[in-house]
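Colleague: Following is a predicted model, sequence given first.
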Amino acid sequence: MKSCKVLIAVFLFTLCFLPAGSWADAKQPVVIFDQGHSQKFVIEQKGDLHLSGLSGLFKSDGFEVKINIGQITDKVLAKTDVLVISGGFKPLASAETEAIVRFLKRGGNLCVMLHIPQPVHELMTRLRTYASNGVLQEQENLIKQGPKEFFVTQLGQHAITHGIKKFAVYGGWALMSESQTGKVIAWTSPKAWIDLNRNNKLDTPPDARQAFGVAVAGTLGKGRYVIFGDDAIFQNSFLVQENMSLGRNLVRWLKNREKTTPRSGMTL
C-alpha cells in the first residue's frame, strides 16, 4: 500500500512539470471534410474521382475523420484541427468565410482544393490568394497529349513538397499570393499559358505565358492554410506515386503544429 502511494505521488509530481498543452497534444486530431457545398467527389465512396484514399491517409496518421454536410460554423469548427474543402460547387456564405477565418486565427489548419475558384473566392480573398480566370495549359512535362494534364516539377522548399521531385495536375487554375505570410510552393514551367481570348490556341499577346503558381501555403494568425489549384490531385485514381507522397506530406504537415524543424529550418 505504501509503495502504491509513493508511485501515485511521483506520478502527480511529474504532471506538475509536463509542458503546457501536453494533455491537449495527446488527444486524437480531428479532420472535417466539407461536403455541404454541392461536392461531387466525397470520402465515403471508392470510385476513381472520390476521396476515400485521402481520407484513409488521414486515418492512417491517427486522425478522426468526419464530414460536415451543413453550414460551416464556429460550432462545427470548435473541436476540429483540420478543415478540408475540396471541389465545392456551391459558394461559401459570408458567415462561413468569417467562421473559417476565426478558425485559422485561433490555430486551425485549412486545406482547399479547387474544382472551380468561384465558391471559395471570398475566402481566398481574405487569405490574399487569387486564382486565374482560365485553366492552366502546359507545353512541357505533359502526362499525355492534352495540355491540361501535366507534371509540376518546379517545387519550393516546404514540408508539403519535401522529398518530392514532381507531382501530377489534371486540369487546374493558376494561383498567386499577395500575403506577407503566404507563398507559392509549386509552379508550372515558364512555357505554361492561359487562354485569355478563349480561341483554344496560344496567342501572345493577349494570352498569358509564364511560370504560374499551382499551390500556395501560408499562415493567418496562429493557423495555417494550403490551397491547391486542382482538386484531382488527391482523388483516388490519381493518388499514386508522387501524388501519394505529396498526400502523405500534406497530412503530416496538417498534423504537425511546429512552424519549423530545428535541424533544417524548413517551413512547415
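Modeller: Cool, the structure landed. Numbering: from 1, shown residues only.

Colleague: Contacts for the strand or helix carrying Ile100 next, please.
Modeller: Using DSSP states H and E, Ile100 sits in helix 94-105. Outside helix 94-105, the residues that touch it by C-beta atoms under 8 Å, 6 or more residues apart in numbering are 71-74, 76-77, 80, 83, 92, 110, 122-123, 126, 220-225. Heads up, the C-betas are built off the backbone N, CA and C, glycines and all.

Colleague: For Gly88, give me its contacts.
Modeller: Gly88 makes contacts with Asp34, His37, Ser38, Gln39, His115, Pro119, Val120, as judged by C-beta under 8 Å, 6+ apart.

Colleague: Neighbour-wise, which one of those residues leads?
Modeller: Neighbour tally across the contacts of Gly88 (other C-beta atoms under 10 Å): the maximum, 26 neighbours, falls on Val120.

Colleague: Now Pro147. Its backbone dihedrals?
Modeller: Main-chain dihedrals, Pro147, degrees, to the nearest 10: phi -80, psi -10.

Colleague: hang on, it packs against Glu138?
Modeller: Yes: with contacts counted by C-beta atoms under 8 Å, Pro147 reaches Glu138, the gap being 5.4 Å.

Colleague: So which of these two has more stuff around it?
Modeller: Neighbour count, other C-beta under 10 Å: between Pro147 and Glu138, Glu138 has more, with 21 against 17.

Colleague: excluding its backbone neighbours, what's nearest the more buried one?
Modeller: Spatial nearest neighbour of Glu138, excluding adjacent residues (C-beta to C-beta, 6 or more residues apart in numbering): Phe150 at 3.9 Å.

Colleague: Phe33 versus the one you found, what's the distance?
Modeller: Distance of Phe150 to Phe33, computed by C-beta to C-beta, to the nearest Å: 27 Å.

Colleague: Check Ile72 too.
Modeller: 11 Å.

Colleague: where do the contact lists of the two overlap?
Modeller: When contacts are counted by C-beta under 8 Å, 6+ apart, the set common to Ile72 and Phe33 is empty.

Colleague: Now do the helices in the stretch 51-200 of the chain.
Modeller: 52-60, 74-77, 94-105, 121-126 (DSSP state H, counting those that start in this stretch).

Colleague: What is the burial count for Leu123?
Modeller: 24.

Colleague: Arg198 now?
Modeller: Neighbour count for Arg198, taken as other C-beta under 10 Å: 7.

Colleague: what's the nearest residue to it if we skip its chain neighbours?
Modeller: Spatially, and ignoring its direct neighbours in sequence, Arg198 is nearest to Gly134 (7.8 Å; C-beta to C-beta, 6+ apart).

Colleague: Can you name the residues that contact that neighbour?
Modeller: Per C-beta under 8 Å, 6+ apart, neighbours of Gly134: Trp173, Ile194, Asp195, Leu196, Arg198.

Colleague: List only buried entries from the residues you listed.
Modeller: Trp173, Ile194, Asp195 (16 or more other C-beta atoms under 10 Å).

Colleague: Does the last one touch Ser132 like I think?
Modeller: So that's Asp195. No: with contact defined as C-beta under 8 Å, Asp195 does not reach Ser132; the gap is 10.3 Å.

Colleague: Find the residue closest to Ala232 in space, skipping its chain neighbours.
Modeller: Counting by C-beta to C-beta, 6+ apart, Tyr170 is the residue found nearest to Ala232 once chain neighbours are left out, at 3.9 Å.

Colleague: quick one: the strands in the stretch 151-268 of the chain?
Modeller: Taking DSSP state E, counting those that start in this stretch as the test, the strands found in the stretch 151-268 of the chain are 154-155, 167-170, 173-177, 182-187, 193-194, 208-209, 213-220, 223-228.

Colleague: Serialize those to a markdown table and add fields for mean pLDDT.
Modeller: Compiled in a markdown table, those are given as follows (pLDDT from 0 to 100):
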| stretch | mean pLDDT |
| --- | --- |
| strand 154-155 | 98 |
| strand 167-170 | 97 |
| strand 173-177 | 98 |
| strand 182-187 | 98 |
| strand 193-194 | 96 |
| strand 208-209 | 93 |
| strand 213-220 | 98 |
| strand 223-228 | 98 |
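
Colleague: Could you give the number of residues near the closest residue to Leu77 other than its chain neighbours?
Modeller: Nearest non-adjacent residue to Leu77, counting by C-beta to C-beta, 6+ apart: Phe103, 4.3 Å away. Residues contacting Phe103 under the criterion other C-beta under 10 Å number 25.
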